[in-house]
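1. Predicted structure and sequence below. I'll ask about it afterward.
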2 protein chains.
Amino acid sequence: MRTWDELVSADEARRRFAAAWMPRVRHEEVRTHEALNRVLALAVHSPEDLPPFRRSLMDGFACRAADIAAAPTSLRLVDDIAMGAAALVPVGAGEAARIPTGGMLPEGADVVVPIEQADASAVEVRILVALTSGRHLIERGEDVRAGSELLPAGRLLRSPDVGALMGLGVLRVVVYALPVVGIVATGDEVVPADSTPGPGQVRDLNSYSLAAAAQSLGAVPRRWGIVPDDAEAIHAIARRALDACDLLVFSAGSSVGAKDLVAGVIQRLGSPGVLVHGVDIRPGKPTVFAVCDGKPVFGLPGQPVSVLNTFDQFVAPVIRRLLHLPDHVDTVTARLVQSVRSADGREDHVRVALESRDGELWATPILGVSAMITTMTRADGILVIPARAPGFEIGDPVPVRRIH
Amino acid sequence: MRTWDELVSADEARRRFAAAWMPRVRHEEVRTHEALNRVLALAVHSPEDLPPFRRSLMDGFACRAADIAAAPTSLRLVDDIAMGAAALVPVGAGEAARIPTGGMLPEGADVVVPIEQADASAVEVRILVALTSGRHLIERGEDVRAGSELLPAGRLLRSPDVGALMGLGVLRVVVYALPVVGIVATGDEVVPADSTPGPGQVRDLNSYSLAAAAQSLGAVPRRWGIVPDDAEAIHAIARRALDACDLLVFSAGSSVGAKDLVAGVIQRLGSPGVLVHGVDIRPGKPTVFAVCDGKPVFGLPGQPVSVLNTFDQFVAPVIRRLLHLPDHVDTVTARLVQSVRSADGREDHVRVALESRDGELWATPILGVSAMITTMTRADGILVIPARAPGFEIGDPVPVRRIH
């Protein structure tokens, strides 16, 4: 019987992986208006000035600041500027033009007097206030100057960014490609979700929860189906999946039993191969970290809770790096409804339900083995009891990682 | 000249809208594995037990607890249970069967002894510990009982939920339909983003930033193009858009100038029509709230900053209600790098950049008129100075609403 040669801590496992893996970069060009939440691989410099001309910020009268320094004063109306049209009549000394918000300033004018501060007839306007040059207008290029960097490389595109790019006519952008996450379910007892399990069989569940977890990060999941516990069969699928994907995840078969073949398959898949086999956390001990020919490969335990917990702990940060997003864990602080104890010395990951009481979050531990997916569907988050720590007391404020 | 008859506070505007609007429900059936982040419209009850049989949680030996109460003791091996196969040989008194993790318990057995706590030969196993009935196994239906409610109506589906549903063979679920958000850009000066603006013209920007903002909430944006400042033209598009969408948003034309025709068009679009025209916030005063024949309709100001700010403030919560999501504002607390003053008595919405220093967030106000989209692309969030409040001092901790 094989046993666990060495269990490493979660942090040590992460360190070994980080030392062995260098993210590969893939770029692609996408349409800007479909680029929300994508990350720019190249900075965008503005092709032109925004606004492309001097614009009024108010409905009012374009005139010369020098003419109204001694307001009240009257100016002769020489034009009524239309929206979307060129302002063709220059404004000379003693003259003004009607202008709408967003209208183009005529040559000669350097200020806009809002309608509320003027009295106009058909041919004349009485200006009631003195305003300094430049008031109530935006200069050509004041928002964005042609040639300046509008958005830097590495920028996660949000709604105003998409708008700014479109406003400058930047219709396509170069972004990091979305990583394709390959998912291989293993197990002689696992049957497709759309079939009826026979005696001793269960439906594939992990392929779908893992795919959803990858999708919730913004990656592209690709399911490779279910493979029986046969090293050659697993290897054949793994070979194709690794070639087609940026990262590969196995569910089940990652322990050290006779039918746990995944670590061996991964070891043959590419160099340097397996970096860690066995992590000192609960649930999630039978976890494999590997890099095969530059691509991250993980063997995750088969229990439905363990597979999601280890994905979230170990795989999600790697996917975020492939997405070029900063490492981020959605954590809230909650107080414990009851004390929690670590079952043994391992780093213990406890599912909790969150509840708001009088504006404060409270966490209730959810009991049940890691074979029970409902302990995850009922949970809002995960609380980590560090290795060799006794646990937490009732009322203690604790960090809770949210489940997505 | 028309003026603002009445400016109402942001809260009063929200109250008037809430009193006039009742969300309409649309359901649709979708494939479960494509239902991440969708909200269940109907509760899901389990069609069957999960697990469908009594399963081992360990690699070990299935036997009778009564037989090992006086361990160490030896039992006769009567079967080697395979994964995914029925356990056909019952375990009688003094007998045991090899069983893998996830294997089906044979009739007669009520406990699993892990391999670490046993010594086995080909025909016999020596059990080293006494274990109580039920240890290291999961009962049929212990995770989910047939007929029990697996997930309630209103549940936002996360990755474990998708997994649990698939594991039970629930391949389709009934969810709330994603609201279609119609977006109509108005303005004689606005030209399509893929064209080159002539003198006095600018590219459509708001259609895209609004579409991205709707998308970031999980809704389905639908752009209706650009309409000139002509009441009949706007009405014709608005009529079609309202029929085809669940919510309608106009950009620009919502003020009280001669060319501001949107409020009048909305008033004709359906009853009760315009509820609010003019909100006492900055930027965003020229905002129209309306309900037309049961559908929410908003007229938003045309400045690129104002349109996003009012969308986020007033439209986003309505879209979240259509999505059946709880109201949620992504807010962080940051300290002010410099003091901020309210320019007048209005509720002032100040764009800020966020920066982490020594683990603490600091907010720097971004200056610039609401015509400058770069004041939004450079911002990470929005800080609200309440109406009639003087502002905040340097170092004050303030709530900042993140931009998405």
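-> On my side now, so go ahead. Numbers count the residues shown, from 1 in each chain, chains lettered A, B, ... in the order given.

2. Helices of the stretch 101-250 of chain A, start to end?
-> With helices called from DSSP state H, counting those that start in this stretch, the stretch 101-250 of chain A shows them at A:159-167, A:206-217, A:231-244.

3. Quick one: distance of stretch A:23-38 to the chain centre.
-> 12 Å (CA atoms, centre = their mean, to the nearest Å).

4. Show me which residues of it are buried.
-> A:Thr32, A:His33, A:Ala35, A:Leu36, A:Asn37, A:Arg38 (16 or more other CB atoms under 10 Å in any protein chain shown). Any C-beta I mention is one placed from the backbone N, CA and C, and that applies to glycine too.

5. swap in stretch A:235-248?
-> Within stretch A:235-248, the residues that qualify as buried are A:His235, A:Ile237, A:Ala238, A:Ala241, A:Leu242, A:Cys245, A:Asp246, A:Leu247, A:Leu248, counting by 16+ other CB under 10 Å.

6. Mind checking what secondary structure the residue of the stretch 251-400 of chain A found nearest chain B has?
-> Nearest residue of the stretch 251-400 of chain A to chain B (CB to the nearest CB) works out as A:Met376 at 3.7 Å. The local conformation at A:Met376, judged by DSSP: H, G, I helix; E, B strand; the rest coil, is helix.

7. Would you confirm that it contacts A:Leu308?
-> Yes: the pair A:Met376 and A:Leu308 passes the contact test of CB atoms under 8 Å, sitting 6.0 Å apart.

8. got the contact list for A:Arg158?
-> Applying CB atoms under 8 Å, 6 or more residues apart in numbering or on different chains, we find A:Arg158 in contact with A:Leu36, A:Asn37, B:Ala212, B:Ser216, B:Ile403, B:His404.

9. show me the contacts for the first one.
-> The neighbours of A:Leu36, taking CB under 8 Å, 6+ apart as the test, are A:Leu157, A:Arg158, A:Ser159, A:Val162, B:Ala212, B:Gln215, B:Ser216.

10. Name only those of the residues you listed that count as buried.
-> A:Leu157, A:Arg158, A:Ser159, A:Val162, B:Ala212, B:Gln215, B:Ser216.

11. mind putting those in a markdown table, pLDDT included?
-> Converted to a markdown table, the buried ones among the contacts of A:Leu36 look like this (pLDDT from 0 to 100):
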| residue | pLDDT |
| --- | --- |
| A:Leu157 | 98 |
| A:Arg158 | 98 |
| A:Ser159 | 98 |
| A:Val162 | 98 |
| B:Ala212 | 98 |
| B:Gln215 | 98 |
| B:Ser216 | 97 |
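
12. want to try JSON lines for those, with distance to A:Met22 as columns?
-> Below are those laid out as JSON lines (distance: CB to CB, whole Å):
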{"residue": "A:Leu157", "distance to A:Met22": "25"}
{"residue": "A:Arg158", "distance to A:Met22": "29"}
{"residue": "A:Ser159", "distance to A:Met22": "33"}
{"residue": "A:Val162", "distance to A:Met22": "31"}
{"residue": "B:Ala212", "distance to A:Met22": "32"}
{"residue": "B:Gln215", "distance to A:Met22": "33"}
{"residue": "B:Ser216", "distance to A:Met22": "32"}
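
13. Can you tell me which of these is nearest A:Asp312?
-> Nearest to A:Asp312 among the buried ones among the contacts of A:Leu36, counting by CB to CB, is B:Ser216 at 22.7 Å.

14. what's the spacing between the closest one and B:Met58?
-> Per CB to CB, to the nearest Å, B:Ser216 is found 46 Å from B:Met58.

15. Can you report how many residues lie near A:Gly253?
-> The tally of other residues near A:Gly253 (other CB atoms under 10 Å in any protein chain shown) stands at 29.

16. Kindly apply the preceding question to A:Ser339 instead.
-> Using other CB under 10 Å, A:Ser339 has 13 neighbouring residues.

17. quick one: it and A:Val398 touch, right?
-> No: the pair A:Ser339 / A:Val398 is not scored as a contact, 10.8 Å apart, by CB under 8 Å.

18. which stretches of the stretch 201-350 of chain A have low pLDDT?
-> Applying pLDDT under 70 to the stretch 201-350 of chain A flags no residue at all.

19. Near chain B, which residues of it? Just list them.
-> A:201-213, A:215-216, A:229, A:255, A:257-259, A:302, A:304, A:308 (CB under 8 Å from any CB of the partner chain).

20. Which of those residues are buried, as a ChimeraX select command?
-> Buried subset of these, written as a ChimeraX selection, criterion 16+ other CB under 10 Å:
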select /A:201,202,203,204,205,206,207,208,209,210,211,212,213,215,216,229,255,257,259,302,304,308
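
21. re the thing from before, for the contacts of A:Arg158, which one is nearest A:Leu168?
-> Once CB to CB is applied, the member of the contacts of A:Arg158 that ends up nearest A:Leu168 is B:Ala212, at 15.2 Å.

22. I figured that closest one was touching A:Met166, is that so?
-> No: the criterion here is CB under 8 Å, and B:Ala212 misses it with A:Met166 at 9.3 Å.

23. Please enumerate the shared neighbours of those two.
-> Counting by CB under 8 Å, 6+ apart, the residues touching both B:Ala212 and A:Met166 are A:His33.

24. Quick check: neighbours shared by A:Ser339 and A:Val398?
-> With CB under 8 Å, 6+ apart, A:Ser339 and A:Val398 have common neighbours A:Phe392.

25. Point me to the residue of the stretch 51-200 of chain A nearest chain B.
-> A:Gly163 (2.7 Å).

26. How about the stretch 201-350 of chain A?
-> A:Ser209 (2.7 Å).

27. That residue reaches A:Val307, doesn't it?
-> Yes: judged on CB under 8 Å, A:Ser209 makes contact with A:Val307 at a distance of 7.0 Å.

28. Let me see the mean pLDDT of stretch A:356-373.
-> For stretch A:356-373, mean pLDDT rounds to 94.

29. cool, and stretch A:4-17?
-> Across stretch A:4-17, the average pLDDT comes to 92.

30. Any stretches of the stretch 51-200 of chain A with poor pLDDT?
-> Scanning the stretch 51-200 of chain A for pLDDT under 70 picks out no residues.

31. In the sheet, which strands lie alongside the longest strand anywhere in chain A, parallel or antiparallel?
-> Determined from DSSP state E, the single longest strand within chain A is strand A:347-357. Neighbouring strands of strand A:347-357 in its sheet, by DSSP bridges, are strand A:281-282 (parallel), strand A:360-365 (antiparallel), strand A:381-385 (antiparallel).

32. A:Arg26 against A:Val175, yeah?
-> No: assessed by CB under 8 Å, A:Arg26 is found out of contact with A:Val175, at 10.0 Å.

33. So what touches stretch A:234-248?
-> Against stretch A:234-248 from outside (CB under 8 Å, 6+ apart): A:24, A:26, A:179-182, A:184, A:186, A:219, A:222, A:224-225, A:227, A:250, A:253, A:261-262, A:265-266, A:268-270, A:292-293, A:295-298, A:315, A:318-319, A:322.

34. ok so, going back, if you tally nearby residues, what's the number for the residue of the stretch 51-200 of chain A closest to chain B?
-> 30.

35. Setting aside sequence neighbours, what's the nearest residue to it?
-> Distances taken as CB to CB, 6 or more residues apart in numbering or on different chains place B:Ser209 nearest to A:Gly163, at 2.7 Å, with adjacent residues excluded.

36. Can you tell me how far that neighbour is from B:Ala185?
-> Between B:Ser209 and B:Ala185 the computed distance is 11 Å (CB to CB).

37. can you check A:Gln201 too?
-> Distance check for A:Gln201 against B:Ala185: by CB to CB, it reads 56 Å.

38. What of A:Leu322?
-> As judged by CB to CB, A:Leu322 and B:Ala185 stand 36 Å apart.

39. Show me what A:His27 is bridged to.
-> On the basis of DSSP bridges, A:His27 is bridged to A:Tyr176.

40. That one touches A:Tyr176, doesn't it?
-> Yes: taking CB under 8 Å as the definition, A:His27 is a contact partner of A:Tyr176 at 6.5 Å.

41. so what's in contact with the two at the same time?
-> Common contacts of A:His27 and A:Tyr176 (CB under 8 Å, 6+ apart): A:Ala41.
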